[in-house]
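J.: Sequence first, then the predicted structure, then my questions.
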Amino acid sequence: MAPAPILTLADITLGFGTSPLLDGANLSINPGDRICLVGRNGSGKSTLLKVMAGLVEPDAGTRFLRPGMAVGYMEQDPDFSAYGTLGDYVRDGLDPADHFRADMAMEGVRLSPDIAPAAASGGERRRAALARLLSRDVDLMLLDEPTNHLDIGIISWLEGFLRDTRTAFVLISHDRAFLKNLTEATLWIDRGTVRRMEKGFAAFEDWRDKIHAEEDLERHKLDRLIKAEGRWAVEGISARRKRNMGRVRRLQDMRAERAAQVRRSGTAALAFDAAPGSGKLVAEAEHVTKAFGAKVILRDFSIRVMRGETVALVGENGSGKTTLLNILTGAEPPDSGRVRIGTGLLPVTFDQNRAALDPDKSLWDTLAQDPELGVSGKSDQVMVRGTPRHVVGYLKDFLFDETQARGPVSALSGGEKARLLLARLMARESNLLILDEPTNDLDVETLDLLQELVLDYGGTVLLVSHDRDFIDRVATTTVALEPGGRATVYAGGWSDMLAQRGDAGPVGSGQTVAPKPAPRKTAQTPKPDVSDTAARKVNRQQVDRIEKDMARVSAEIEKLETFLADPDLFSTAPEKFEKASAGLLERQERLAALEEQWLELEAGE
């Protein structure tokens with residue numbers, strides 16, 4: 001007998017504005033579940049997690065937590081006002097005998113317990129919230145983007161922790177490798193509906209594409225039914241009124257169903273157009289060293305970056321990735337060694353801190369009053385790689401609506417701020433992209449598009465990222481920075497680097513790569529009934545045959561109508577006119593009969 005669910009949500013409805021984020025959502029979380037929660041930016045993932053945690057009250061529906069069960073939630077913006085140190089916050093509420101759990105969690109996320117909250121960075125605060133959750137004895141953990149602000153070494157440690165835990169968890173993350181390695185089930189929020197698949201994130205994209213294809217097919221069928229019924233409503237005979245009114249009501253119902261269907265969100269229209277090419281050499285460093293006091297960042301480092309390469313810089317936080325980026329772009333000099341910067345470079349920078357965005361400005365003014373985009377003062381135009389575009393039209397390419405255009409940047413989510421920054425950068429000509437953690441807060445679809453754009457970009461890319469999957473997909477060279485000033489250049493992406501390192505393990509992790517957990521056994525799907533499959537096949541063949549007949553008869557009707565359109569035909573050739581008229585009536589009746597058959601077969605599928 002299967003164990004009772006830890007948490008159940010039934011008929012949950014929640015809306016902000018005109019369209020509901022959640023519309024009758026139903027789900028249950030069972031002991032041992034390892035679930036990823038996915039969906040477009042703004043689809044309601046974080047809100048659903050808060051409903052699960054009991055932090056947000058839905059408009060309708062019920063939340064049931066099995067008695068005796070405990071749920072832990074990773075707070076996004078914790079209140080540290082009552083604590084002298086981050087360690088006090090992490091240990092708060094634990095029995096003194098369990099303080100070792102908090103100490104182990106803080107060691108795992110590399111957090112000093114003695115840091116005062118006022119002196120802590122945003123990343124340290126998030127790591128404190130993560131350590132607090134991991135040290136609790138709960139039955140269900142809810143983690144919202146736990147890998148943000150974590151370096152690859154800490155991500156590797158967290159991955160191992162979650163892989164070994166027996167606690168159920170629901171996980172939101174943009175890190176595909178993290179999701180693929182850990183999850184065994186998927187919750188997908190799509191236009192207010194929550195769907196569940198008993199497979200992990202590795203199978204999500206195929207599942208999503210299959211559902212979209214099925215929706216497109218059903219929408220096509222419904223459009224054909226509406227078109228056929230609409231033709232009958234206009235051309236039909238008014239006899240047998242009782243049945244006819246039933247068909248009119250059916251047509252109204254189908255039109256209402258079609259109107260109620262929620263259109264899928266589009267994909268941001270991202271496009272990086274490279275400016276005229278730079279010189280063949282973009283940057284060259286020879287025997288470079290760099291230190292800040294006693295801390296050595298680079299020791300005898302050399303690299304040559306050529307036009308068209310995508311170079312990824314990886315390493316733990318504080319290892320010197322940003323410093324190396326500044327040295328390679330000429331923004332910061334080395335202590336010793338030689339650096340050559342190429343000619344004709346037009347760089348644009350994607351800053352992970354979104355420092356280029358003024359939170360008090362509107363989205364409109366962020367673009368229309370940007371001197372770097374060739375406009376200034378009050379304007380409704382933005383210069384997009386030399387071509388004027390209306391601000392609202394350009395923002396719509398990045399999935400912003402007209403009401404957001406006049407709103408402040410501060411009202412945007414993390415993913416929306418990333419899209420706005422990308423919109424600003426993509427309006428400029430460039431041949432050198434400097435991408436500092438570009439994947440943070442982006443949904444899967446936008447990540448896919450960003451990956452394609454980087455691959456198709458005609459210039460050079462310098463990339464700082466902790467996203468192993470993204471590095472694997474785009475990097476031609478990977479530079480691994482480690483403590484002590486050691487920096488090693490590897491050909492290829494993250495997986496290529498691991499293969500070349502052998503047993504050295506991931507950068508900064510201090511451990512070897514752990515094997516992926518074996519997939520949990522699931523019950524076999526019963527085979528479909530053979531007779532039912534055969535009947536469906538026959539039915540599909542009949543539909544195809546009828547559609548071909550309808551197309552042929554429609555073509556004949558069109559020819560006869562063209563022939564009868566001659567105003568002199570009746571007076572000059574009355575016999576031909578009568579024969580053509582009879583033929584037209586016969587084919588119209590034949591088409592009506594075929595449409596009746598087609599409607600019955602389609603409705604029965």
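T.: Sure thing, it's come through. Note that the structure is a prediction, hence the values are computed from the model and not measured.
J.: and after the least confident helix or strand in the chain by mean pLDDT, which helix or strand comes next?
T.: Counting by mean pLDDT, DSSP states H and E, the weakest-scoring helix or strand in the chain turns out to be helix 241-260, with a mean of 56. Next along the chain after helix 241-260, taking DSSP states H and E as the criterion, comes strand 281-292.
J.: So what touches whichever helix or strand comes after that following strand?
T.: Using DSSP H and E, the next helix or strand after strand 281-292 towards the C-terminus is strand 295-306. Residues external to strand 295-306 that are found in contact with it (C-beta atoms under 8 Å, 6 or more residues apart in numbering): 280-291, 311, 319-320, 323-324, 327-328, 334, 337, 460, 462, 477, 479, 481, 484-487, 489. C-beta coordinates here come from the backbone N, C-alpha and C atoms, glycine included.
J.: and what of stretch 98-113?
T.: Contacts for stretch 98-113 (C-beta under 8 Å, 6+ apart): 85-88, 90-91, 94, 124, 127-128, 130-132, 134-135, 137, 150, 153-154, 157-158, 161, 316.
J.: If any of those residues are buried, put those into a PyMOL selection.
T.: If you want just the buried ones from the contacts of stretch 98-113 in PyMOL, going by 16 or more other C-beta atoms under 10 Å, the selection is:
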select buried, resi 85+86+87+88+90+91+94+124+127+128+130+131+132+134+135+150+153+154+157+158+316
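J.: Among the contacts of stretch 98-113, which lie within helices?
T.: 86-88, 90-91, 124, 127-128, 130-132, 134, 153-154, 157-158, 161 (DSSP state H).
J.: For stretch 300-318, could you pull out the residues that count as buried?
T.: 301, 303, 305-317.
J.: Show me how far that stretch is from its chain's centre.
T.: 27 Å (C-alpha atoms, centre = their mean, to the nearest Å).
J.: model confidence over that stretch, on average?
T.: Taken as a whole, stretch 300-318 carries a mean pLDDT of 91.
J.: what's the answer for stretch 483-490, then?
T.: 90.
J.: List the buried residues of it.
T.: In stretch 483-490, the ones that count as buried by 16+ other C-beta under 10 Å are 485, 487, 490.
J.: Do a quick rundown of the helices in the stretch 501-605 of the chain.
T.: Per DSSP state H, counting those that start in this stretch, the stretch 501-605 of the chain carries helices over the ranges 530-564, 569-572, 574-604.
J.: And the second one, what does it pack against?
T.: For helix 569-572, the elements it packs on are helix 574-604, judged by 3 or more C-beta pairs under 8 Å, 6 or more residues apart in numbering; DSSP states H and E.
J.: Now the helix it packs on: buried residues?
T.: 577, 580, 583-584, 587, 590-592, 594-595, 598-599, 602.
J.: now do stretch 197-214
T.: Applying 16+ other C-beta under 10 Å to stretch 197-214 flags 197, 200-202, 204, 208 as buried.
J.: before we move on, what about stretch 550-559?
T.: Neighbour-count burial for stretch 550-559 [16+ other C-beta under 10 Å]: 550, 553, 557.
J.: Dump these to TSV, plus pLDDT and distance to R66.
T.: Output for the buried residues of stretch 550-559, formatted as TSV (pLDDT from 0 to 100; distance: C-beta to C-beta, whole Å):
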residue	pLDDT	distance to R66
M550	79	56
V553	79	62
I557	80	65
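J.: Nearest to D472, out of these: which one, please.
T.: M550 (49.8 Å; C-beta to C-beta).
J.: who's in contact with the closest one?
T.: Contacts of M550 by C-beta under 8 Å, 6+ apart are 591, 594-595, 598.
J.: can we see that at 6 Å?
T.: Residues in contact with M550 (C-beta atoms under 6 Å, 6 or more residues apart in numbering) are L594.
J.: Next, find the distance separating it from D139.
T.: Counting by C-beta to C-beta, to the nearest Å, the separation of M550 from D139 is 59 Å.
J.: Tell me the gap between stretch 97-111 and the middle of its chain.
T.: With C-alpha atoms, centre = their mean, you get 32 Å for stretch 97-111.
J.: Then stretch 389-405?
T.: That offset, for stretch 389-405, works out to 20 Å (C-alpha atoms, centre = their mean).
J.: got it, and stretch 187-199?
T.: 14 Å.
J.: just stretch 382-393 next, same as before
T.: That offset, for stretch 382-393, works out to 26 Å (C-alpha atoms, centre = their mean).
J.: Can you give me the buried ones in it?
T.: 382-385, 389, 391-392.
J.: Return the subset of those residues lying in strands.
T.: 382-384, 389 (DSSP state E).
J.: In those, find the pair that's most separated.
T.: M383 and R389 (7.7 Å).
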